Every structure is written in structure tokens, then in C-alpha cells.
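Asker: the sequence isn't on hand, but the structure is:
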């Protein structure tokens, strides 16, 4: 059974962000009726059991007597709390209530009345009691601080006693009823005129400079300037201004807005940073709801060199290699604090942003294994919003295009407001504080901390070493360490919990969207067999129809360098997927394909058309290449020596120019699953004459006469399905 609550119509009730007034209580149904304090004034009916639960929640607030105009608590205009009043006023209120309570007690015991004689005797007794035993009064008024002077307060006069007694009886012993509506204002005669005060305030603002820090130095400067001004006015036979003391001027400075004082003494940038609120943007509750991307110049001197080239170089040559500080580009999920992408860059650019987005939407476990990490780096997905600053790489048109094609939005924080992207900034601070000091070549945070340490002379790491160190640190240490921003939970466990509880706001990126949004643009010409990209023919129904119509054959193609099993072709303002004629290009990256094609091109430099047998052998070699070589190529793509847009376009126009494979294997037909027509079966792996695992050890073939015994194979023309 729920007990009924006694409310008044003059009380105010706040539920969430809405205010209500009490109307009535229905004893039959145990329902409470409230009316909303808004123009509509709708009635809210709350059952008794629900009201009990609501009163225990933080959304409930009850203000008794809020709508009472005679309420001394302030009514509608202000809500006065005893703890928020000044100390002097609070002691005076409590003391008045205490004296009125003692008078009420004696009147009840019939030892005192409200007559003048009785109140005079009461005052004398009470004053003598305070002087002889002040402990009770001290306990009532509060503890005194060290150094405070305690004086026995005087009991109010006869008329004041009667007034407080009436207030005590009217408001039934409410302490706040004895609080005066307005504090007393001491009327003091000012010796300064308004003009002199304005001149003093103007001198104070001029004295607040970076050279005069604090309050004492500006106050001394104002007094000196005021005396010099009075001396000048005396020479002109003008009345002198009142000269405030240094202590008075210091109080004037203390009354100025602190932000204004900080701007004058510290500068606008430091003042804004000092008084800015601690913000980190919106607090996301789902994975990839907000991803922060930023770049940071590493506090480390490293060698600028291509991977794997300096192991055989002498020390004299190594000393001539360029050294310096690299940039790292990081993408971080705010909800779980997991790192979604990491790249080493020579300088921030829109190209590095594109490559970083590729890491955000991809599983990076293969990169973690290539760098020697034990854990998996399986945190990836399509972000909902991306937060970045106003750097040139983030506001570029290409960046906006890539983000929009991924169905995401990008937010740019105002200039010099790093607190709006605090998660990424704190991550960089964590790296500098916990990792960089362990590495040789650390530049420290400043010359004072660096001392006589020569960072350039101690530099011995290259880009390959740096990417391995950073990836291992993120995967095995940062993701698996308690995070203070997550309440002591590890980022990897927070990711797993959020994935089970809320999941992702957007589905993962499919291969076609990835290729069309983040692929590299190249130009290709449409032929009978489709478009020729990196020596492979790609085709689809749309391309065959375009070729049959004889329309413009210069096409724009986008290539995903991580997987050559699909390309995106722009046809009539629409991206369509085109696949290679053979299925063996699936999961083959451009770096691996380039390495084998360079070997083929070098060996058969006089032949433009290579047989499908050697092409299949190249694909098989890529799949059988050692783990160390594949790891090296994978790490290279996360450094400045990875494939850039200009380099990929250069490969298409140079290495793969006129480079194609002759189709020797005739298609094999079989019955279709639905029984209508036939389908082309996958081509079997060609039988190689010599089983080799490296093209460098393939059998010697005469370059001039190796194709003399082969007959020219005519190209098969394409036909539409209606033609016979």
C-alpha cells in the first residue's frame, strides 16, 4: 500500500525539464493530478506507485511554497538557499532564528511575555548566558577558522525581538524567513568623483600588460601614473583627482572579469585556452558514432630511407642519408578509445587522409602480424561522423568527396579549439609520455628537457622500424591497458562490450563502395575485351553494351590497390563494377603484382603479349611468396613509400603500357544450373613445364626465338546475346 503525500497548490514540481503545479489527490484511485506550467496547461495524472518511483529518481524536484507570494524563499524570482548566502548574512539569519526560538520557548513556559519589561529582562538574561557559555552559540553558528576574532553577538532590541517572534510564529519556525530581503549597504562618503574614478579605471586597463603580471605591479603603476597626472593638473591649476591606495586598486583589479585580465596579461590565445571549458565534442554511445582524425609530428628523429635498402650499405653511406621527424596520422574511435588507423607520412595531405580512411574501414590484423604484434587489430567499420581540424588536408575537395562517397559526414572544429577534439590530442600526449622516451633519437618536449642529448646523432630507426614499433604499441599495449577515460576498462574490451550492446550505426563498407570511394583514378580505353588495367582485362555487361554502341571509349577507372579482383568504372555518372576475365586476381595487391610483373617484363623484355601460362605462374608465385616478403610489402604501404596516386598512374602508363597476357586457354562450357543455356566454367590451373617458386630461377629461354613455334591465335570478337 502506498501512503498519500500531502502537497500544496502553492508548491512547484519539476519532472525532467518541465514544471508542474499540484491540483488535487484522488483518494479513491490514489492518483495525483498536476497541471503543467506552460501556455497549454495540460493535466498530468500520475498514479501513487509511479509517483513514489519518480520521487526517488534524479528527475524529480519539489519546491514547497514556490508560488506563494509571501514566501521568504524568493518565490518565482529566485530560489534562495542558506548555504549560498554570504557568511555574515547567514550567521545573522541563524542567530535571529535562534533568539526567536528561545523567546518562543520561554513564552510557552510562561517565564516571559511580549511586554517591554519582560523583553528587557529576557535580553539581559540571554546576553549574560552568551557571555558565560558561548559554546552552544558557536556550535549553532559554525566553527571558526584559525585567526578569526570571536565576539559575543548582541541580542536584538525589543522591537526587533517582537518582529522576529512574529516571523517565527507565522512561518512555523522556518529559518529562511528571518533572512532579510536585501543585505545592508554601508553608506560611505566617497572622496573620489566619477571623473576621477573613470580615469583610474582607464589607467588600470593600460597598466595590465604582459610585463606587469599579478596585481601588485599594476597597482603600483596606477598610483605612480595618477600622481604624475595630478602634478600635471596642478601646473594647469586644475583640481587633483583622488588617489586610491594600492590595496584599493588591487581590489578593483580583482573585480574585473578574470578573462579580461588574462587577455591583457597573457594574450588572447593563452587566455582562451585557460578559460575554455573541458570539452571533447559529443559523448558518443555507439561504436564509430564519432571518429577523430588528426596528425602529429613525432618527437623522434628517424632516417628517411626506402625499406630494406640500408642493411648492406656501409656506415659512411648511412651517415649521408637524410634524417628528420615524420608525421603520423591517426584515426581514433571516441566511444571505445580504440585506434582505427595509423599511418606514417612525410607531410599531411589529402592522399594520406584517403589511405587512412582505407585503414579505418579495413581489418588490420595482417598489418599487425606483419609488424610482429601478438594481438589482432580487428577494429574497423564505416564511421558515422569524422571530426577533424581545419588543416589543408582535411578541408580539401578530394577529402570531402571521399567522405561523402562513404556516406559519412565530416566536422571541422574552429581554429585553436583543440579541446573539441580532445580524444585524439590526449592520445598523442599518451604516446609522447609513455613510448617516445624509450626510443633513441627522442627530441624531448623542449630544449630544457633535452639538455645536451644529441637526438640526431642517436637516431638509428627508419620508417620500417617506426611503423613496427607503433603498431605493436597500439595493438599489444595501448588497446590492452586500463584507460582512465573508460573508468579503468581496456579499449579492446570496451569495443567488444559496445559491439554486443549497441552494435554499429552503419553497415560495413562493401568492396564496390570501397573501390569507388577510396580507389585511385586512372584513365583506360575500352576495347573488345574490356578495359586494360595493369595488364589484366576487366569487363562487365555495361562495358560490353557501351562498346557495342560505339560511344566514347575513354573511361575513368578507380582501382583498389589492396585487391585487384575488382575495379570501378565510371559510366554515365555512375560507378559500375568490372571484374577480370580470370578469377585468380582475387586478394592480389598491386605491390605484389608489380613485383612479379617487373620480373616478367625484365625476363621477356622483347614480348608485349605474354601467354596465360606465365601469367598464372606469376599469380601462383605471389601466393607462394614467403611470409617475410609479404609482411615487408604490407608494412611499406603504411609508410611514405607506399603507393601514391601519382605512382599508380605512372605504373599504368609505363610498366603496364602495352603489357597484356594472351588468352591461350579456350573457355569450357557446361550446362547452366537452371537448365537454360550454358555457362562458362572456371579455367583450370595450367600445367607448368618446370615447377619453380621464383622467377629468377626459371629455365632459360631464348628471347628471340621462344615464340617461333607458336601459331598466332586470333582474337575472338564479342557478340550480343541476340546475335547468332
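Answerer: Nice, I can see it. Being a predicted model, the structure only gives us computed values, none of them experimental.
Asker: tell me where the stretch 301-450 of the chain has helices.
Answerer: For the stretch 301-450 of the chain, helices defined by DSSP state H, counting those that start in this stretch occupy the ranges 315-318, 350-360, 365-370, 397-405, 422-434, 447-450.
Asker: name the helices or strands packed onto the longest one?
Answerer: This points to helix 422-434. With contacts taken as 3 or more Cβ pairs under 8 Å, 6 or more residues apart in numbering; DSSP states H and E, helix 422-434 sits against strand 291-297, strand 327-333. Bear in mind the C-beta positions are built from the backbone N, C-alpha and C, glycine included.
Asker: redo these as CSV? Include mean neighbour count and distance to residue 384.
Answerer: Written out in CSV, the entries for these read as follows (neighbours: other Cβ atoms under 10 Å; distance: least, Cβ to Cβ, whole Å):
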stretch, mean neighbour count, distance to residue 384
strand 291-297, 23, 8
strand 327-333, 22, 10
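Asker: got a markdown table for those, with mean pLDDT too?
Answerer: What follows is the helices and strands packed on helix 422-434, written out as a markdown table (pLDDT from 0 to 100):
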| stretch | mean pLDDT |
| --- | --- |
| strand 291-297 | 91 |
| strand 327-333 | 93 |
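Asker: out of the helices of the stretch 301-450 of the chain, name the one with the poorest average pLDDT.
Answerer: Lowest mean pLDDT of the helices of the stretch 301-450 of the chain: helix 315-318, a mean of 60.
Asker: make TSV out of the helices and strands packed on helix 422-434 and add distance to residue 589.
Answerer: TSV is the format used below for these (distance: least, Cβ to Cβ, whole Å):
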stretch	distance to residue 589
strand 291-297	24
strand 327-333	21
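Asker: nearest to residue 92, of the ones you listed?
Answerer: Closest to residue 92 of these is strand 291-297 (Cβ to Cβ; 53.2 Å).
Asker: quick one: strands adjacent to the closest one?
Answerer: Next to strand 291-297 in the sheet, as set by DSSP bridges, lie strand 327-333 (antiparallel), strand 385-388 (parallel).
Asker: nearest to residue 470, out of those?
Answerer: Taking the strands paired with strand 291-297 one by one with Cβ to Cβ, strand 327-333 is closest: 6.9 Å.
Asker: so what touches that closest one?
Answerer: Residues outside strand 327-333 that contact it (Cβ atoms under 8 Å, 6 or more residues apart in numbering): 287-288, 290-298, 338-348, 352-353, 356-357, 359-360, 379, 423-424, 427-428, 470, 495.
Asker: same check on stretch 26-45?
Answerer: Under the criterion Cβ under 8 Å, 6+ apart, residues 2, 4-5, 7, 12-13, 18-25, 46-49, 51 lie in contact with stretch 26-45.
Asker: out of the residues you listed, which sit inside helices?
Answerer: Within the contacts of stretch 26-45, residues falling in helices by DSSP state H are 48, 49, 51.
Asker: now do the second one against residue 55, distance only.
Answerer: Looking back up the chat, that one is residue 49. For residue 49, the distance to residue 55 (Cβ to Cβ, to the nearest Å) stands at 11 Å.
Asker: now the strand or helix carrying residue 260, how far from the chain's geometric center?
Answerer: For residue 260, the host element (DSSP states H and E) is helix 258-266. Helix 258-266 sits 29 Å away from the centroid of its parent chain (Cα atoms, centre = their mean, to the nearest Å).
Asker: so which elements touch that helix?
Answerer: Using 3+ Cβ pairs under 8 Å, 6+ apart: helix 258-266 touches helix 268-275.
Asker: list the buried residues of the helix it packs on.
Answerer: Within helix 268-275, the residues scored as buried using 16 or more other Cβ atoms under 10 Å are residue 271.
Asker: and it, what does it pack onto?
Answerer: Other elements packing on helix 268-275 under the criterion 3+ Cβ pairs under 8 Å, 6+ apart are helix 258-266.
Asker: now the helix holding residue 260 and helix 268-275, what's the angle there?
Answerer: 140 degrees (axes from the mean of the first three to the mean of the last three Cα atoms, to 10 degrees).
Asker: could you shift the numbering so residue one becomes 23, and keep it that way?
Answerer: Sure thing, new numbering starts at 23, so read that last one as helix 280-288.
Asker: list of residues touching helix 280-288?
Answerer: For helix 280-288, using Cβ under 8 Å, 6+ apart, the contacting residues are 227, 230, 231, 232, 234, 235, 275, 292, 293, 296, 297.
Asker: out of residue 71 and residue 77, which sits in the busier spot?
Answerer: More neighbours surround residue 77 than the other of residue 71 and residue 77, with 14 against 11 (other Cβ atoms under 10 Å).
Asker: just the pLDDT for the more buried one.
Answerer: 82.
Asker: can I get the strands paired with strand 313-319 in JSON lines including distance to residue 512?
Answerer: Formatted as JSON lines, those follow (distance: least, Cβ to Cβ, whole Å):
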{"stretch": "strand 349-355", "distance to residue 512": "14"}
{"stretch": "strand 407-410", "distance to residue 512": "23"}
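Asker: quick one: which of the ones you listed is nearest residue 121?
Answerer: Residue 121 sits nearest to strand 407-410 of all the strands paired with strand 313-319, at 60.9 Å, using Cβ to Cβ.
Asker: so which elements touch the one helix or strand residue 622 maps to?
Answerer: Using DSSP H and E, the element containing residue 622 is helix 612-625. If contacts are counted by 3+ Cβ pairs under 8 Å, 6+ apart, helix 612-625 sits against helix 634-646, helix 649-658, helix 667-675.
Asker: re the thing from before, which of the residues in the helix holding residue 282 are buried?
Answerer: Using 16+ other Cβ under 10 Å as the burial criterion, the residues of helix 280-288 that qualify are 283, 284, 285, 286, 287.
Asker: can I get those in JSON lines including distance to residue 394 and pLDDT?
Answerer: Below are the buried residues of helix 280-288 laid out as JSON lines (distance: Cβ to Cβ, whole Å; pLDDT from 0 to 100):
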{"residue": "283", "distance to residue 394": "54", "pLDDT": "89"}
{"residue": "284", "distance to residue 394": "49", "pLDDT": "90"}
{"residue": "285", "distance to residue 394": "51", "pLDDT": "89"}
{"residue": "286", "distance to residue 394": "54", "pLDDT": "89"}
{"residue": "287", "distance to residue 394": "52", "pLDDT": "88"}
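Asker: just those now: which is nearest residue 114?
Answerer: The closest of the buried residues of helix 280-288 to residue 114 turns out to be residue 283 (Cβ to Cβ; 32.8 Å).
Asker: circling back to that earlier point, of the contacts of stretch 48-67, buried ones?
Answerer: Neighbour counting over the contacts of stretch 48-67 (16+ other Cβ under 10 Å) leaves 29, 34, 35, 41, 42, 43, 44, 68, 70, 73 as the buried ones.
Asker: how about the contacts made by the fourth one?
Answerer: Just to be clear, that refers to residue 41. For residue 41, the contacting residues are 34, 35, 58, 59, by Cβ under 8 Å, 6+ apart.
Asker: helix, strand or coil for the residue nearest to the first one when sequence neighbours are not counted?
Answerer: I take that to be residue 34. Spatially, and ignoring its direct neighbours in sequence, residue 34 is nearest to residue 88 (3.6 Å; Cβ to Cβ, 6 or more residues apart in numbering). Following DSSP: H, G, I helix; E, B strand; the rest coil, residue 88 is assigned to coil.
Asker: and residue 534, backbone torsions?
Answerer: Phi and psi for residue 534, reported as degrees, to the nearest 10, are phi -70, psi -40.
Asker: dump the residue contacts of the spatially closest residue to it that is not a sequence neighbour.
Answerer: Leaving aside its sequence neighbours, residue 534 sits nearest to residue 599 (Cβ to Cβ, 6+ apart; 4.9 Å). Residues near residue 599 by Cβ under 8 Å, 6+ apart: 534, 537, 562, 588, 589, 590, 591.
Asker: still on that earlier bit, reformat the buried residues of helix 280-288 as TSV; add distance to residue 177.
Answerer: Listed next are these as TSV, based on distance: Cβ to Cβ, whole Å:
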residue	distance to residue 177
283	45
284	48
285	51
286	50
287	49
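Asker: how does this structure divide into domains?
Answerer: Per automatic domain parsing, the domain ranges recorded for the chain read 104-200, 216-297, 313-523, 533-692+699-719.
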